[in-house]
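Student: fold the following.
(one chain, ligands or ions: 1)
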Amino acid sequence: MSERWARPKAEEMPPLKGELCIKCGKKLMNIDVGLHKKMINRGAREYMCIDCLSEYIGVSTDELRRKAEEFKKMGCMLFY
Ligand SMILES: [Zn+2]
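Tutor: As a prediction, the model looks like this:
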């Protein structure tokens with residue numbers, strides 16, 4: 001009996017709900033994570049909330065929300 005339990009590695013797991021913004025520590029929503037991936041880095045493991053992202057890239061939060069809606073309409077799985 002040398003079989004081992006196949007446990008998923010942490011780095012293979014999708015981001016957990018309850019991630020916090022790396023700048024202000026606010027709890028992140030899917031839209032925050034999705035936008036960060038779209039606007040900064042698809043492979044990011046740490047994310048900013050929409051407010052910090054807005055400041056960071058110099059795009060208004062209204063504009064970011066509008067973009068998120070567009071991505072969603074295009075069927076982007078990052079926004080559901
Ligand atoms: Zn933030």
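Student: top helix in the protein by residue count?
Tutor: helix 61-73 (DSSP state H).
Student: show me where this protein has helices.
Tutor: Using DSSP H, the helices of the chain run over residues 30-39, 50-57, 61-73.
Student: center of this protein - which residue?
Tutor: V33 (1.6 Å; C-alpha atoms, centre = their mean).
Student: which regions of the protein lie under the pLDDT threshold?
Tutor: The chain contains residues with pLDDT under 70 at 1-18, 80.
Student: flag every residue of this protein that's near the ion.
Tutor: Applying C-beta under 5 Å from the ion, one finds that the chain approaches the ion through C21, K23, C24, K26, C49, C52. Yep, even glycine has a C-beta here, placed from its N, CA and C like the rest.
Student: count the residues that sit near H36.
Tutor: H36 is flanked by 27 other residues according to other C-beta atoms under 10 Å.
Student: check D32 too.
Tutor: 22.
Student: can you tell me the closest non-neighbouring residue to it?
Tutor: Distances taken as C-beta to C-beta, 6 or more residues apart in numbering place C49 nearest to D32, at 4.8 Å, with adjacent residues excluded.
Student: about what we covered before: most neighbours out of the residues of the chain next to the ion, which is it?
Tutor: Of the residues of the chain next to the ion, C49 is surrounded by the most neighbours, 24 neighbours in total, counting by other C-beta under 10 Å.
Student: what's that residue sitting at in phi/psi?
Tutor: phi -70, psi 170 (degrees, to the nearest 10).
Student: list the contacts of the nearest residue to K26 once chain neighbours are set aside.
Tutor: Leaving aside its sequence neighbours, K26 sits nearest to C49 (C-beta to C-beta, 6+ apart; 4.6 Å). Neighbour list for C49: C21, K23, C24, K26, L28, M29, D32 [criterion: C-beta atoms under 8 Å, 6 or more residues apart in numbering].
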